[in-house]
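Q: Here is my input; please provide its structure:
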Amino acid sequence: MTETLYLAHPDLSEGRLAKLRAAVVNARALAEVGRGIGLGDHIKLGRGEEATGGRNKASIVSDTVEAVIGAVHLSGGIETSATVVHRLFDPLIEAASALGAGLDWKTSLQELAAERGLGVPEYVIAAEGPDHLKTFTAQVRVGGGLYGNGVGRSKKEAEQAAAETAYGEIAAATAAAADPSAPLPDISGDAGSPAAPTE
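A: Sure thing, here's the model as predicted:
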């Protein structure tokens, strides 16, 4: 993937290429690929994982995609495994190239906050449900305000979702503030009640 991205986008900066690679080579992207080919239907699971929806769990599906690619590589060699990887991941590369800020919402939000002089974003996380089936919610505290709303099966997933909505809210608010004819939005006040933080 690194070689492909470099050859396809030789003029991009190292930072941008790293973001592109991170958007394609991560558990969420791997799980999306696995679900796309129906891999979950062929995973042998224990009763516990079967009962809690393990066939669709991102961590299990993404690990299985990696295992399948590894098996293809060991049995067919680098050319065969490269063909399989390209067939599975090239559509993701094309989609990622058009995402812009959406490549990594947390990094993009941090860059936006720094650019606007709002300080470092801090994530407020809450969790509910039993250990094997937790749901996490997240909001982002930026410049004294609470923004975004993200939900996910992991803290990381919830934070990315919260960063995405927070990015849009802050970008819109600061753009409106830059327009002298528009009323200045209050981005320093508390935009909502913080969720109870958890470890």
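
Q: can you count the residues close to the closest residue in space to G36 that isn't next to it in sequence?
A: Take G36 and drop its neighbours on the chain: the residue closest to it by Cβ to Cβ, 6 or more residues apart in numbering is L88, 8.0 Å away. Just so you know, the C-beta spots here come from the backbone N, C-alpha and C atoms, and that holds for glycine as well. Burial of L88 is recorded as 19 neighbouring residues (other Cβ atoms under 10 Å).

Q: does the closest residue to T2 other than its chain neighbours belong to a helix or a strand, and which?
A: Nearest non-adjacent residue to T2, counting by Cβ to Cβ, 6+ apart: R21, 5.8 Å away. Secondary structure from DSSP states H and E places R21 in helix 14-24.

Q: cool, and T107?
A: Applying DSSP H and E, one finds T107 within helix 105-115.

Q: which other residues reach that helix?
A: Contacts to helix 105-115, defined as Cβ atoms under 8 Å, 6 or more residues apart in numbering, come from residues 19, 101-102, 119-121, 140, 142-143, 159-161, 163-164, 166-167, 170-171.

Q: How about stretch 40-49?
A: 34, 54-57, 60-61, 64, 132.

Q: Can you name every helix or strand that the lengthiest helix in the chain contacts?
A: Secondary structure of the chain per DSSP state H: the longest helix is helix 58-97. Of the remaining helices and strands, those touching helix 58-97 by 3 or more Cβ pairs under 8 Å, 6 or more residues apart in numbering; DSSP states H and E are helix 2-8, helix 14-24, helix 27-36.

Q: Could you rerun that using 6 Å?
A: With contacts defined as 3 or more Cβ pairs under 6 Å, 6 or more residues apart in numbering; DSSP states H and E, helix 58-97 has these neighbours: helix 14-24, helix 27-36.
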